[in-house]
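Engineer: What follows is a predicted protein model with its sequence.
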Protein chains: 4
Amino acid sequence: MADSKNRVAIVGASGYTGSDLIRLALRHPNISIDALTGATHAGKSIDQVFPHLSGCNLPSLVTNDDVNWDTIDTVFCGLPHATSQKVIKELPDHLKVIDMSADFRLRDTNTYKATYGNTHAAPELQDIAVYGLSEHYREQISRTRLVACPGCYPTATLLLLLPLVQQQLIDPTDLIIDAKSGVTGAGRALKQTTLFSEAGEGMGPYAVAQHRHAPEIEQELSRAAQQEITVNFTPHLIPMSRGELVTCYARLTKDNNSKQCKQALADFYKNDSFVALSPEGVYPQTQFVRGSNRVMLNAYDDRIANRVILIAALDNLVKGSSGQALQNFNIMNGYAETTGLEQIALFP
Amino acid sequence: MADSKNRVAIVGASGYTGSDLIRLALRHPNISIDALTGATHAGKSIDQVFPHLSGCNLPSLVTNDDVNWDTIDTVFCGLPHATSQKVIKELPDHLKVIDMSADFRLRDTNTYKATYGNTHAAPELQDIAVYGLSEHYREQISRTRLVACPGCYPTATLLLLLPLVQQQLIDPTDLIIDAKSGVTGAGRALKQTTLFSEAGEGMGPYAVAQHRHAPEIEQELSRAAQQEITVNFTPHLIPMSRGELVTCYARLTKDNNSKQCKQALADFYKNDSFVALSPEGVYPQTQFVRGSNRVMLNAYDDRIANRVILIAALDNLVKGSSGQALQNFNIMNGYAETTGLEQIALFP
Amino acid sequence: MADSKNRVAIVGASGYTGSDLIRLALRHPNISIDALTGATHAGKSIDQVFPHLSGCNLPSLVTNDDVNWDTIDTVFCGLPHATSQKVIKELPDHLKVIDMSADFRLRDTNTYKATYGNTHAAPELQDIAVYGLSEHYREQISRTRLVACPGCYPTATLLLLLPLVQQQLIDPTDLIIDAKSGVTGAGRALKQTTLFSEAGEGMGPYAVAQHRHAPEIEQELSRAAQQEITVNFTPHLIPMSRGELVTCYARLTKDNNSKQCKQALADFYKNDSFVALSPEGVYPQTQFVRGSNRVMLNAYDDRIANRVILIAALDNLVKGSSGQALQNFNIMNGYAETTGLEQIALFP
Amino acid sequence: MADSKNRVAIVGASGYTGSDLIRLALRHPNISIDALTGATHAGKSIDQVFPHLSGCNLPSLVTNDDVNWDTIDTVFCGLPHATSQKVIKELPDHLKVIDMSADFRLRDTNTYKATYGNTHAAPELQDIAVYGLSEHYREQISRTRLVACPGCYPTATLLLLLPLVQQQLIDPTDLIIDAKSGVTGAGRALKQTTLFSEAGEGMGPYAVAQHRHAPEIEQELSRAAQQEITVNFTPHLIPMSRGELVTCYARLTKDNNSKQCKQALADFYKNDSFVALSPEGVYPQTQFVRGSNRVMLNAYDDRIANRVILIAALDNLVKGSSGQALQNFNIMNGYAETTGLEQIALFP
């Protein structure tokens, strides 16, 4: 029944985001992967670029120009920011587009330029682009044809903080976000800092107070708080491939404690399959969600009175990128939201 | 339709073998996981023992005595050797049993005793036990009610060597097997050698010339070679969680080279979903099969004339244990052999 | 000239703290390692317990009772807390004692009991015990015969924060300390959480708001701030063997910024060999101090106005334990403070 | 007394070989590091290139042309092969040169060309170049002004096999060398295969039967065996930064066993500080030599009659490169051979 399937193209399939999307899409009963594109690797079979995908009957990599878009229903875009907007802008209108880059995440083009350095090449598309934080924008996602999937850090942070800010349980003006990510977060591009011998057996912060995900977090928190919010956001590079943990430190509004935060999170996500409190007595840990689309959250009393510690763990390549993209695909196309995403975490 | 499903009990569910089987079985459309047992953890929910399995609606851990075997169709046994045989012996006859321990792998009870130190408690069951190397014993597996799943090292080694020995392409009397395994191979029991700080950032051999998997390899190779075979088998512990690689060094029989070995392997496994040559130009690597039931094989010319280098990579917890167990379950019950095992490798 | 050397006994030599002290002490020109004790390993050669120390002509492990204390000048104590105090209490008065356990760190015995659970067995020794944060208690250390070496986290945190609190550059009532440690911090004892397969390829928090190092940090900050201080302290376990990073989030007192904090730290430690700002453009990272007694510090402007981010990296087994112990030994005995501690970090 | 010291230049100081040499040389009492060169990093302080070396009062990186060779006594050369020979050829004659590249290891220029692809640019220097396997060429090293330090794999392999081949305990025509190396062996250059996310949590072979160290091993074994020797040499990349293990499989000559091999190794190295059998009951492991110049060897009986398993572990950057270079420096200059190399292994 290939003709009843949604015909998918993955643009920029030679990065980790692309390959993890392929891994998931291969198990999606309603997807037919009909085109894979990659600039430098065009002409190669996917086996050569990602040997773990060998034997899956996938199309070879081609250039974007080689794709007959008439035969495609949905495009997943795994290109770097700035490139993404140029490619998406040229795509025919009948296509649904799920962008995993940063290009359509920031609603304000000035903020985009200040953050990413280039003038936006497709500002007109920003009107229709929906911020793809699935659990919070489900309705809008279902009605658009262009979804901008959130960054990995914003996904973890916002899933954790948005319900609490919305319900005014925590003070949005005093948020400290200490984030930790595995090395795949830096992509497959060659950098000295992500060599095994440099990133292994050690750790440290990077992009302190300057990370590009901070404005994205601030955009959404400001919206929820109905005031301009600035956050502390300090990412650290951890010697593991996948996984992301955010530890947030917040001031409680009067009379609250961690129990109420816990309850608010449990209530907000009670019908969601992928977001849940960690089990009783278990802290959120990235090992427990590796390879899956799940997020583990929890809230703890601080030693300092009137403060709370909020923690979320996810897999940066799945819920932090390709998994959420596929979740949005399901929402856009009316499939059950969990389709193709039932993978259990790979532990150990 | 739970009643149309195969009702499964996993005995010894609190080890890595048990938890990885749960991970896979949860995705198997014909399995209902109806009982999980564990001696020390009986009474706990699986969430407490394996937080990555939280939210999966699994039964709590109970003791073996608490299981009503009448309501069970199949038992997967993840107990340690010596314990396994005592438990299996007491199970009612209507049950199909898939044992992941070493207890029924060795056909000769003297070899068993010499290797594992104890007199076998259920020698009568050895007559019906089938060695569960799926691709080589499919027919017998389909007809028995007791399958002894091979050890992880024998699985990798035998899949690689058996076709070549059977076809007399290599000399079975001069086989060197240099094996490398991730740390999960040692299980979840507490040992100083498997602490992160001891096993990390370093490596070395263990159980040199004394590993218990050697007699198992020799049993099967002897059968294929129709003569008594002794092999070199030298395992090494590698600082990674999952994954196993065997590098075998063999003397070619007259006029052969690696190309013929390659062809023989490709031919033998041409209808098998889980065993294949690595793609052109790609060496077998454990990263490429992590979390999946796949095996990557290949053959290379040696620098020394008339010798060949044979390499196989698999995930020790999947094809090396729980995945092959599930594959055997499919064979025993007439399900498509790949059911529940379509997981793509998790890379990176 | 063995007789001109300081004759040293290391009590509890079979843990990581003990072995790392041996590593350093072997290179100290004024030390003769004359006794090594270990309860469970007494009778063994050190080669059997720590093969990396083979060939170093070290004495075998004995019990404490087997040591002739008359022939010893200095005792380093690497025992667990609660045990340490009982052993030290019985030692003859002529001995200088450098305790690496938690037993004499907390000046208040009630705080000790509340934190560690047992009534202190040697409260009389707390009067003479000096808190061994070398750079801050040098004078007192030089005059005592009992030094309580700080915990690893307090060492990193206090070296970073004390000068700033003392100079009132930051508000001591609003301190968030997000700490990250390698797995050796948990010691060599067998625990499921520190198995390679559990702690590798993932991370998470532990002992949130309940870690025993928090009261120790509060004791010293309270002293510096001249008021009762409570801090947030949230440790995380990182998949690396050695290394510790603390990321502290502080509110600046009026008109300060990170530049002044930086300057204050540079000034305070200008004559210290082991504590320094990280080089221009380089964040403190644990890789850069691995195996050495050095601490890398720095200060950064936050995105939030009037806040500062303070970061310190050290090796938890060296400056966080055995290295600082040896530094205190040098201070107590009038040797140059860097003697035996000139090791350059091992990178990569 | 700077003027009584040996004035050293390190050419190509921005790689791991260079930086590890700096680490060791800084502790050598007779060395003054007077020049550090690096092509792409010239002009930078070493702090920027290797932050772990900050605070060591090292000269900044310059180009080779900027060095006044008249003020230098010894040059350590850490350049890539092919480049090394061109640079060394132009150096003034008064300099002692210790080359850590492959350029002067192969005595036969045809073998060099066949192996490395380029015609040797300084064949005249090959007459004076001594193969710097310290324990085997001590006498010649002490008399030359140009030492070619062996590759890391040849160092481990030859230290293990040469005494046994020389004493005809093993058959040199049937040698299988299964080698495992940490990722630093691939250097600091940017390669996809050595990214953390590619090399971590997995392993595999590389350069099977084609590694450039094989001809080097064959050269020396042929010399010892007094016949042309071809070996099997199969390297594997292991997810650790430092460390190298070779597991060699050999056929014994009549009437020998592992005990005689063990004895032969113990006897041969009885006066050597850096090469020793692993302690009783302990297998050679890379963890036990990390960061040190030591080699751990041992011999074990095979399961197959008349065969022996020979194992050696070393740190590829130390005894496998910079440490042996410094050892050769000591030999060339009449210093005690262990000077500056007394570092104990960093474990864990």
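Structural biologist: Ah, there it is.
Engineer: Name the SS class of the nearest residue to A:Leu169 once chain neighbours are set aside, please.
Structural biologist: The shortest distance from A:Leu169 to any non-neighbouring residue, by CB to CB, 6 or more residues apart in numbering or on different chains, is to A:Asn256 (5.1 Å). C-beta here means a position set from N, CA and C on the backbone, and glycine is covered the same way. Here A:Asn256 is coil, with the state taken from DSSP: H, G, I helix; E, B strand; the rest coil.
Engineer: got the phi/psi numbers for A:Asn256?
Structural biologist: phi -90, psi 170 (degrees, to the nearest 10).
Engineer: Neighbours of whatever residue of the stretch 1-150 of chain A ends up closest to chain D, how many?
Structural biologist: Distances between the stretch 1-150 of chain A and chain D by CB to the nearest CB are smallest at A:Tyr16, namely 7.0 Å. The local packing of A:Tyr16 (other CB atoms under 10 Å in any protein chain shown) involves 25 other residues.
Engineer: Is it in contact with A:Arg188, as I believe?
Structural biologist: Yes - using CB atoms under 8 Å, A:Tyr16 is in contact with A:Arg188, at 5.5 Å.
Engineer: which neighbours do those two share?
Structural biologist: Jointly contacting A:Tyr16 and A:Arg188 under the rule CB atoms under 8 Å, 6 or more residues apart in numbering or on different chains are D:Ser197.
Engineer: what sits against A:Ile311?
Structural biologist: With CB under 8 Å, 6+ apart, A:Ile311 has these contacts: A:160, A:245-248, A:283-284, A:297-300, C:204-205, C:208.
Engineer: Narrow those residues to those in strands?
Structural biologist: Assigned to strands by DSSP state E, the following of the contacts of A:Ile311 qualify: A:245-248, A:297-300, C:204-205.
Engineer: show me the contacts for A:Pro284.
Structural biologist: Taking CB under 8 Å, 6+ apart, one finds A:245, A:278, A:296-298, A:311-313, C:204-205 in contact with A:Pro284.
Engineer: Could you rerun that using 7 Å?
Structural biologist: Contact analysis of A:Pro284 by CB atoms under 7 Å, 6 or more residues apart in numbering or on different chains lists A:245, A:278, A:296-298, A:311-313, C:204.
Engineer: and if you look at A:Ala102?
Structural biologist: Per CB under 7 Å, 6+ apart, neighbours of A:Ala102: A:81, A:116, A:151, A:212.
Engineer: Out of the residues you listed, give me the one that has the most neighbours.
Structural biologist: A:Gly151 (24 neighbours).
Engineer: coming back round to it: would you mind measuring from the residue of the stretch 1-150 of chain A closest to chain D to chain C?
Structural biologist: 15 Å (CB to the nearest CB, to the nearest Å).
Engineer: was I right about that residue contacting A:Asp315?
Structural biologist: No - contact criterion CB atoms under 7 Å: A:Tyr16 and A:Asp315 do not qualify, at 11.3 Å.
Engineer: For the contacts of A:Pro284, give me CSV that also has pLDDT.
Structural biologist: Listed next are these as CSV, based on pLDDT from 0 to 100:
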residue, pLDDT
A:Leu245, 98
A:Ser278, 98
A:Met296, 98
A:Leu297, 98
A:Asn298, 98
A:Ile311, 98
A:Ala312, 98
A:Ala313, 98
C:Gly204, 98
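Engineer: got the end-to-end distance for stretch A:193-206?
Structural biologist: 10 Å (CA to CA, to the nearest Å).
Engineer: what's the offset of it from the middle of its chain?
Structural biologist: Its chain's C-alpha centre and that of stretch A:193-206 lie 23 Å apart, by CA atoms, centre = their mean, to the nearest Å.
Engineer: and that stretch, anywhere near chain C?
Structural biologist: Yes - counting by CB under 7 Å from any CB of the partner chain, chain C has neighbours in stretch A:193-206: A:197-198, A:201-206.
Engineer: Any idea how far apart the tips of stretch A:125-144 sit?
Structural biologist: 11 Å.
Engineer: That should have said stretch A:33-47, apologies.
Structural biologist: From its first residue to its last, stretch A:33-47 covers 15 Å (CA to CA).
Engineer: Quick one: check it for contact with chain B.
Structural biologist: Yes - Stretch A:33-47 is in contact with chain B by CB under 7 Å from any CB, via A:Asp47.
Engineer: before we move on, back to that, list, out of the residues of stretch A:193-206 next to chain C, those positioned next to chain B.
Structural biologist: A:Glu201.
Engineer: pLDDT of stretch A:159-178, averaged?
Structural biologist: For stretch A:159-178, mean pLDDT is 98.
Engineer: cool, stretch A:231-242 as well?
Structural biologist: pLDDT averaged over stretch A:231-242 gives 98.
Engineer: near chain B, which residues of chain A show up?
Structural biologist: Going by CB under 7 Å from any CB, the residues of chain A near chain B are A:16, A:23, A:26-27, A:47-48, A:50-56, A:184, A:201, A:241-242, A:276, A:278-279, A:281-282, A:287-288, A:291, A:342, A:344-348.
Engineer: Filter those residues down to just the ones in helices.
Structural biologist: Among the residues of chain A next to chain B, DSSP state H puts A:16, A:23, A:47-48 in helices.
Engineer: What segments of the stretch 51-200 of chain A are helices?
Structural biologist: Residue ranges of the helices in the stretch 51-200 of chain A, as given by DSSP state H, counting those that start in this stretch, are A:83-89, A:109-116, A:134-143, A:152-166, A:196-199.
Engineer: Could you dump the ones you listed into a markdown table and include distance to chain D?
Structural biologist: Listed next are the helices of the stretch 51-200 of chain A as a markdown table, based on distance: least, CB to the nearest CB, whole Å:
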| stretch | distance to chain D |
| --- | --- |
| helix A:83-89 | 20 |
| helix A:109-116 | 24 |
| helix A:134-143 | 25 |
| helix A:152-166 | 14 |
| helix A:196-199 | 4 |
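Engineer: mind giving me TSV with those helices and columns for distance to D:His236?
Structural biologist: Formatted as TSV, the helices of the stretch 51-200 of chain A follow (distance: least, CB to CB, whole Å):
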stretch	distance to D:His236
helix A:83-89	37
helix A:109-116	41
helix A:134-143	42
helix A:152-166	32
helix A:196-199	14
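Engineer: for chain A, what spans make up the strands?
Structural biologist: Going by DSSP E, chain A shows strands at A:6-11, A:31-37, A:61-62, A:74-77, A:96-99, A:130-131, A:146-148, A:176-181, A:204-205, A:232-237, A:244-251, A:275-277, A:295-301, A:307-314.
Engineer: Who are the packing partners of the first one?
Structural biologist: The reference is to strand A:6-11. With contacts defined as 3 or more CB pairs under 7 Å, 6 or more residues apart in numbering or on different chains; DSSP states H and E, strand A:6-11 has these neighbours: helix A:16-25, strand A:31-37, strand A:74-77.
Engineer: give the contact list for A:Val208.
Structural biologist: A:234, C:283, C:300, C:309.
Engineer: of the residues you listed, closest to C:Gly334?
Structural biologist: When the contacts of A:Val208 are compared for distance to C:Gly334 (CB to CB), C:Tyr283 comes out closest, at 36.7 Å.
Engineer: Surely A:Thr230 and C:Asp302 touch.
Structural biologist: No - counting by CB under 7 Å, A:Thr230 stays clear of C:Asp302, with 8.9 Å between them.
Engineer: Between the two, tell me which one has more neighbours.
Structural biologist: Counting neighbours by other CB under 10 Å for A:Thr230 and for C:Asp302 shows that C:Asp302 has the greater number, 23 against 19.
Engineer: you'd agree that one is up against A:Ala209?
Structural biologist: Yes - the pair C:Asp302 and A:Ala209 passes the contact test of CB under 7 Å, sitting 5.7 Å apart.
Engineer: what sits in contact with each of those two?
Structural biologist: By CB under 7 Å, 6+ apart, the residues touching both C:Asp302 and A:Ala209 are C:Ile309.
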